[in-house]
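1. Here's a sequence, model it:
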Amino acid sequence: MPKITNVAKGEKRNYTRFSEPKLQVKLADKVYTTIDWSIGGLLIAGYDGDLDQGGETQANFCLVGGDRNYTATIRVVRFDSRHKTLAVRFTRSTMDALEFFRNLMKQHAQRAV
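-> Now for the predicted structure:
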């Protein structure tokens, strides 16, 4: 059964979030791991960079242990300094990146049946 992250009361989500598989995200030459992800964005663990809310940057990501990288432009939605989490939304993605997420979600749906 796929691991789907529950939405906290009062939070508004446009897309279903998944906690598995984990993704590696490269921001400013440092690699982080996701807590969860959706076709619309990522929640990144252990963030210690200097991006501010509303800031945009390029991100490279792949499956943990994967060798194929994908690129997207992201916008910071929220940084939680206490928990060191960074919530980002995709603002521009390559077609390859969109197809990557569609395939991951398709795999989850097939496992759930």
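
2. how about the nearest residue to residue 35 once chain neighbours are set aside, secondary structure?
-> Distances taken as Cβ to Cβ, 6 or more residues apart in numbering place residue 43 nearest to residue 35, at 4.4 Å, with adjacent residues excluded. C-beta coordinates here come from the backbone N, C-alpha and C atoms, glycine included. Classification of residue 43 using DSSP: H, G, I helix; E, B strand; the rest coil returns strand.

3. so how many other residues sit close to residue 43?
-> Residues near residue 43, counting by other Cβ atoms under 10 Å, number 20.

4. do the same with residue 69
-> 14.

5. if I look at it, how far off is residue 31?
-> As judged by Cβ to Cβ, to the nearest Å, residue 69 and residue 31 stand 11 Å apart.

6. Next up, the contacts around the residue nearest to residue 35.
-> If a contact means Cβ atoms under 8 Å, 6 or more residues apart in numbering, then residue 43 has 17, 34-37, 85-88 as its contacts.

7. would you turn those residues into TSV with secondary structure?
-> Output for the contacts of residue 43, formatted as TSV (three-state DSSP):
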residue	secondary structure
17	coil
34	strand
35	strand
36	strand
37	strand
85	strand
86	strand
87	strand
88	strand
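
8. Out of those residues, which is nearest to residue 25?
-> residue 34 (6.4 Å; Cβ to Cβ).

9. Which residues are in contact with the most centrally placed residue in the chain?
-> For the chain, residue 42 is the residue whose C-alpha lies nearest the centre (Cα atoms, centre = their mean; 2.2 Å). Shown in contact with residue 42 (Cβ under 8 Å, 6+ apart): 23, 25, 34, 36, 59, 61, 74, 87-88.

10. One more pass at 10 Å, please.
-> Applying Cβ atoms under 10 Å, 6 or more residues apart in numbering to residue 42 gives the contacts 17, 23, 25, 32, 34-36, 59, 61, 72, 74, 77, 86-90.
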